[in-house]
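Novice: Sequence plus predicted model, see below.
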Amino acid sequence: MQSSLQINNLKLFRQNELLLSVNEQINGGEILTIMGPSGSGKSSLLNWLTGSLPQGFHAKGEVLLNNNNITNTAAHLRHVGVLYQDALLFSHLSVAGNISFAMPAGNKKQRLEKIDDALEQFGLSGFANRHPDNLSGGQQARVALLRVLLSEPKAILLDEPFSKLDVQLREDTRQLVFEQIRYHQLPALMVTHDHSDAEAAGGKIITLTRPAAKAEIKQIRE
Ligand SMILES: Nc1ncnc2c1ncn2[C@@H]1O[C@H](COP(=O)(O)OP(=O)(O)OP(=O)(O)O)[C@@H](O)[C@H]1O
């Protein structure tokens, strides 16, 4: 069965004001890119998908992951992995500890073997016992990606994941992330301000608008 993430007739409201409408299906290995100005609701959309919409927001519509309706499923049971702008690694844990923390429970020895194999595949052989403070930005980004992948997500959300990396590192990391999404056939949704990220993703691009911004500008001019 092909994996998919379906956002069915979503209408997201903030204080009863319509913030955005989205109706999209993302198939395994595809990356849907969301762009739009600050305040247009990109983070709110991600929050809704992870099941952590803050107070003051409400939504109509459904989200289906591999045809299962997860609209009301608790955040920790959704199997939706998120890759953020910052690697967000725990500084007191080793690389292995950071990755293992997010993995499904199981035999410890097997988990460590899996981590070692994955580190080797990502050019991080011998890094299992290092702490994040002793890694470069690119190495931290790769550990963060490994942590998401080894948590065995069924879909992946990317929240400006390359914006803190310099140009060369950005391209390398982006390529690695997109390759992994295709390899694992995960449906992915990426929020970015960067047009080269959007182009490299090779999928559909949605640009959210911010109607409230126009109203605010009009008010200032009048
Ligand atoms: N926790 C919150 N409580 C109340 N309003 C919020 C909260 N978070 C965001 N907002 C408001 O909701 C709207 C959408 O914000 P959101 O952060 O989703 O936009 P964004 O497109 O992600 O912006 P940016 O590109 O700046 O991150 C904005 O008007 C914002 O001020």
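Specialist: Cool, the structure landed.

Novice: Wasn't S40 part of a strand?
Specialist: No: counting by DSSP: H, G, I helix; E, B strand; the rest coil, S40 is located in no strand; its state is coil.

Novice: which ones are touching it?
Specialist: Shown in contact with S40 (Cβ atoms under 8 Å, 6 or more residues apart in numbering): L19, L20, L208, T209, R210. Every residue, glycine included, has its C-beta placed from N, CA and C.

Novice: what's the spacing between the longest helix seen in the chain and its chain's center?
Specialist: As assigned by DSSP state H, the longest helix anywhere in the chain is helix 167-183. Distance of helix 167-183 from the chain centroid (Cα atoms, centre = their mean, to the nearest Å) equals 13 Å.

Novice: Report all helices and strands that it contacts.
Specialist: Under the contact criterion of 3 or more Cβ pairs under 8 Å, 6 or more residues apart in numbering; DSSP states H and E, helix 167-183 touches helix 137-150, helix 195-201.

Novice: and I7, what does it touch?
Specialist: With the criterion set at Cβ under 8 Å, 6+ apart, I7 makes contact with V22, N23, E24, Q25, I26, L49, G61, E62, V63.

Novice: Now name the helix or strand holding it.
Specialist: Assigned by DSSP states H and E, I7 belongs to strand 4-14.

Novice: any idea which helix or strand comes after that strand?
Specialist: The helix or strand immediately downstream of strand 4-14 is strand 17-27, counting by DSSP H and E.

Novice: what about N72, neighbour count?
Specialist: 8 (other Cβ atoms under 10 Å).

Novice: How about the backbone phi and psi for it?
Specialist: Backbone torsions of N72, given as degrees, to the nearest 10, read phi -110, psi 20.

Novice: go on, the one 3 residues further on?
Specialist: Backbone torsions for A75, taken as degrees, to the nearest 10, come to phi -50, psi -40.
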